[in-house]
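# Let's see this in three dimensions:
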Amino acid sequence: LRFDGKPLPDVQVEIATAQGTRTAGHTNSQGRLEITLDHPGPTRLHAVHMIAVQAGTHDWESYWASLTFAAQP
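This is a model prediction of the structure:
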């Protein structure tokens with residue numbers, strides 16, 4: 001994962017498949033996470049990065065990322 005052109009460390013990544021959703025892990029200092037796929041079929045990886053802000057209308061900004069693909073057997 002990258003944010004604002006830089007690696008994004010320690011972000012929780014979730015994996016969603018037909019078997020359900022689970023935490024895949026957290027990105028390392030280079031924004032990377034190695035994931036072993038257990039089942040073929042539609043798969044979605046997703047993560048949310050939250051930033052505290054000093055704004056009159058809100059306290060946080062959230063940035064969402066997702067990747068959807070079909071895992072092959």
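
# Quick one: end-to-end distance for stretch 29-37.
Start to finish, the residues bounding stretch 29-37 are 22 Å apart (C-alpha to C-alpha, to the nearest Å).

# cool, and stretch 1-11?
The first and final residues of stretch 1-11 sit 8 Å from each other (C-alpha to C-alpha).

# Return the set of buried residues in that stretch.
Neighbour-count burial for stretch 1-11, with 16 or more other C-beta atoms under 10 Å as criterion, is recorded at 1, 8, 11. To be clear about C-beta, it is placed using only N, CA and C from the backbone, and glycine gets the same treatment.

# wait, what's in contact with the residue nearest in space to the middle of the chain?
By C-alpha atoms, centre = their mean, the mean C-alpha position of the chain lies nearest to A47, the distance being 2.4 Å. Contact analysis of A47 by C-beta atoms under 8 Å, 6 or more residues apart in numbering lists 1, 11-14, 27, 64-66.

# go on, S29?
Residues counted as contacts of S29 (C-beta under 8 Å, 6+ apart) are 7, 9.

# Weed out the non-buried ones from the contacts of A47.
The buried subset of the contacts of A47 - by 16+ other C-beta under 10 Å - is 1, 11, 13, 27.

# Among these, which pair sits farthest apart?
Spatially, the most separated pair among the buried ones among the contacts of A47 is L1 and V13, at 7.6 Å (C-beta to C-beta).

# Need the residues touching each of those two.
27, 33, 47.

# Among the residues you listed, which ones are in strands?
The strands, defined by DSSP state E, take in A47 from the shared contacts of L1 and V13.

# any idea how far Y63 is from the residue nearest to the centre of the chain?
In this structure, A47 lies at 9 Å from Y63, with C-beta to C-beta, to the nearest Å as the measure.

# rewinding a little: now, the contacts of A47 that are in helices?
When helices are assigned by DSSP state H, not one member of the contacts of A47 lies inside them.
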